[in-house]
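K.L.:
Following is a predicted model, sequence given first.
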4 protein chains.
Amino acid sequence: MSDIKRLTAKIRKFRDERDWKQFHNHKDVALSLVLEATEVLEHFQWKSPAEVEVHGRTEKEELADELADVAIYLLELADNLKIDLPKAIDRKMKKNALKYPVEKAKGRHTKYDKL
Amino acid sequence: MSDIKRLTAKIRKFRDERDWKQFHNHKDVALSLVLEATEVLEHFQWKSPAEVEVHGRTEKEELADELADVAIYLLELADNLKIDLPKAIDRKMKKNALKYPVEKAKGRHTKYDKL
Amino acid sequence: MSDIKRLTAKIRKFRDERDWKQFHNHKDVALSLVLEATEVLEHFQWKSPAEVEVHGRTEKEELADELADVAIYLLELADNLKIDLPKAIDRKMKKNALKYPVEKAKGRHTKYDKL
Amino acid sequence: MSDIKRLTAKIRKFRDERDWKQFHNHKDVALSLVLEATEVLEHFQWKSPAEVEVHGRTEKEELADELADVAIYLLELADNLKIDLPKAIDRKMKKNALKYPVEKAKGRHTKYDKL
């Protein structure tokens, strides 16, 4: 069974047992997704490239918790919007391949509209 | 096969074909995760609850693309940090269950430290 | 004397006394600006319109601290980039007036490119 | 006259001429503040320290517009919440001076709770 489906069902159950659907409109879930994403980013604030590398190893447990928080809201939002996330990722990566053809994008971090 | 594993391998391949690993340090990937999360949120800016609901249906395709962008950076970051994301989610949900016991949290959106 | 100038000088002095200029490159200051802005937003997470209104009154002190944090990085970033912030605001508001002419934008929250 | 007061009055007038107060509840203004802050950050995505430095000079006009957008929502939010922003900044900087005493914080980017 797909792990995304399994995790999504678990997240939905967790929410519904607490009767939280009433608060989990798309806007507040999207807002929460942003808040959790910034908690990941905060780990790297002010850090040099070398410090970032070290932190990624020494704080792996904490980072795993932060990434999980992002994932939980992401899976819930996809579920609420009736979006098939793996399919959406496959489709988006096809679009990205057209926006960033290997020969043009290789070794460059330029945005597609300036490539 | 796990769909998270399949998608992660695909994302890694996409990045490496473009020789982008050199730019994808944890800090910049976390930063990109935040930027993509805010693009999801932007869809709901200024909208009333009713408008949010309608938008979630009429703009489902666009929202699917935005969620996919968040997912792509999330899966890559987990991969780069050698974090097993499904395991991290399972573990975090156990912690959340302790922070938000059903009897205390039911029907309330209070943060755990004020419950 | 301009209060923005006075506050900017104070912020610069605070930073330099701590020898923090070495960490305060534009990228990390912009990143910090985002982190502080999300701390403001977190105050309103999951709250209904009525709860938002009440919170704005009962937590005014905490909100004042959060807004100050945003302002401090904003003034520092403008200073570091040698941007005259009041002038930039005046100029941007002129642009906004062209993007959102009163007759078209009145009573509507539509983005300018869809007006 | 204080430039913050002058700009705040101008921002309020701009909003009211468009009858936008109805949309500008604290939650949506805070959300907009976050969106604008991330537009500043996006300028520095994937850039090396040297590229960040160059970008800060070559894209000064665009950056001035982005900082102005942040400032506009910041001043409006303070106004809506009846927060005296210069006073809030002065007060917060006093708190920061206690959290980050020069002798302890000098030359270090450690967060106060780990100093």
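P.N.:
Perfect, I can see it now. Residues are numbered from 1 along each chain as shown, chains lettered A, B, ... in the order given.
K.L.:
give me the number of residues near residue A:106?
P.N.:
12 (other C-beta atoms under 10 Å in any protein chain shown). Any C-beta I mention is one placed from the backbone N, CA and C, and that applies to glycine too.
K.L.:
was I right about it contacting residue B:15?
P.N.:
No - checked against C-beta atoms under 8 Å, the pair residue A:106 and residue B:15 is beyond contact range at 11.2 Å.
K.L.:
what ranges do the helices span in chain A?
P.N.:
Secondary structure of chain A (DSSP state H): helices at A:3-17, A:26-42, A:49-58, A:60-80, A:85-99, A:102-105.
K.L.:
Tell me which of the ones you listed sits most buried.
P.N.:
Across the helices of chain A, averaging neighbours per residue (mean count of other C-beta atoms under 10 Å in any protein chain shown) puts helix A:26-42 on top, at a mean of 25.
K.L.:
mind saving the C-alpha coords of it as PDB?
P.N.:
Output of helix A:26-42 as PDB, limited to C-alpha atoms (Å, rounded to 0.1, in the frame of the first residue of the first chain):
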ATOM      1  CA  HIS A  26      -7.800  25.500   3.500                       C
ATOM      2  CA  LYS A  27      -6.600  28.900   4.500                       C
ATOM      3  CA  ASP A  28      -5.600  28.000   8.100                       C
ATOM      4  CA  VAL A  29      -4.000  24.700   7.000                       C
ATOM      5  CA  ALA A  30      -2.000  26.600   4.300                       C
ATOM      6  CA  LEU A  31      -1.000  29.100   7.000                       C
ATOM      7  CA  SER A  32       0.100  26.300   9.300                       C
ATOM      8  CA  LEU A  33       2.100  24.800   6.400                       C
ATOM      9  CA  VAL A  34       4.000  28.100   6.100                       C
ATOM     10  CA  LEU A  35       4.600  28.300   9.900                       C
ATOM     11  CA  GLU A  36       6.100  24.800  10.000                       C
ATOM     12  CA  ALA A  37       8.200  25.400   6.900                       C
ATOM     13  CA  THR A  38       9.700  28.500   8.600                       C
ATOM     14  CA  GLU A  39      10.600  26.400  11.700                       C
ATOM     15  CA  VAL A  40      12.700  24.200   9.400                       C
ATOM     16  CA  LEU A  41      14.400  27.300   8.000                       C
ATOM     17  CA  GLU A  42      15.000  28.800  11.400                       C
END
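K.L.:
Show me what it is packed up against.
P.N.:
Contacts defined by 3 or more C-beta pairs under 8 Å, 6 or more residues apart in numbering or on different chains; DSSP states H and E place helix A:26-42 against helix A:60-80, helix B:26-42, helix B:49-58, helix B:60-80, helix C:26-42.
K.L.:
does the third one come close to chain C?
P.N.:
No - using C-beta under 8 Å from any C-beta of the partner chain, we find that helix B:49-58 stays clear of chain C, coming within 8.7 Å at best.
K.L.:
Quick one: work out the angle between that helix and helix A:26-42.
P.N.:
Here helix B:49-58 points in a direction 80 degrees away from that of helix A:26-42 (axes from the mean of the first three to the mean of the last three C-alpha atoms, to 10 degrees).
K.L.:
Thanks a lot, catch you later.
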